[in-house]
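Asker: my questions are about this predicted structure, shown below with the sequence.
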Amino acid sequence: MTGKIIVIDRRTLLTGAAAAGLLPYFPDPAGAQSPAPRAFSPTANMPGGANNYIPNAPMVRDLGTGFEVSGVVRRAGDGAPLPNLRIQIWAATERGGERVPSNRGSVVTAPDGTYRLAISPIVPQFGQPHIHIAYDDPGFATLFLRPVLNSRHDKTMTVDFVLAPAAANEPRRS
């Protein structure tokens, strides 16, 4: 059996260990700069997001059980979480279509900008299992989302989004 001797100098060893994440990163203090703050772009409206929208859906604790939608709502620019915002959610479920009153409701974001709502299992409508999420209150631009589930058997969906400040001349839908 013949063996091969590999000689690695210190620079090669340290470079490889750093690339593998085995060493902590210490920036060069002479050239160190703090990273630029991450800019959060506003989330764009999705086609079909406003389908079957009805303003002022009632506040609810849940819309059934079997599926849960959750997420974080942030402000455009600095990405700060937005508390106390009214978010409307509706979907076609095993209980009926999107227009069924018990398949729509509103929740309020928590102090950390999170929201969560339990819903009856989602069923496909127009061939796709999807939900609708809307923000349509003063202070930020109206937003309508229509995220599609990977499968009708999914039990959860996380939908994070970023709101832009309302333009002074933006017409309100509600």
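Answerer: Nice, I can see it.

Asker: spit out the contact partners of residue 62.
Answerer: By C-beta atoms under 8 Å, 6 or more residues apart in numbering, the contact list for residue 62 reads 117-119. In short, each C-beta sits where N, CA and C put it, glycine included.

Asker: ok, those vs residue 138, which is closest?
Answerer: residue 117 (21.9 Å; C-beta to C-beta).

Asker: about what we covered before: mind checking which of the contacts of residue 62 are buried?
Answerer: 117, 119 (16 or more other C-beta atoms under 10 Å).

Asker: in TSV: the contacts of residue 62, plus distance to residue 160 and secondary structure.
Answerer: Output for those, formatted as TSV (distance: C-beta to C-beta, whole Å; DSSP: H, G, I helix; E, B strand; the rest coil):
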residue	distance to residue 160	secondary structure
117	14	strand
118	18	strand
119	18	strand
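
Asker: if you average pLDDT over the helix or strand encompassing residue 129, what comes out?
Answerer: Assessed by DSSP states H and E, residue 129 sits inside strand 128-129. Averaging pLDDT along strand 128-129 gives 92.

Asker: right, and the helix or strand after that strand?
Answerer: strand 131-135.

Asker: tell me which strands that next one pairs with, and in which orientation.
Answerer: strand 86-91 (antiparallel), strand 143-145 (antiparallel) (DSSP bridges).

Asker: kindly reformat those strands as a markdown table containing mean pLDDT, mean neighbour count and distance to residue 130.
Answerer: Formatted as a markdown table, those follow (pLDDT from 0 to 100; neighbours: other C-beta atoms under 10 Å; distance: least, C-beta to C-beta, whole Å):
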| stretch | mean pLDDT | mean neighbour count | distance to residue 130 |
| --- | --- | --- | --- |
| strand 86-91 | 97 | 24 | 7 |
| strand 143-145 | 97 | 21 | 10 |
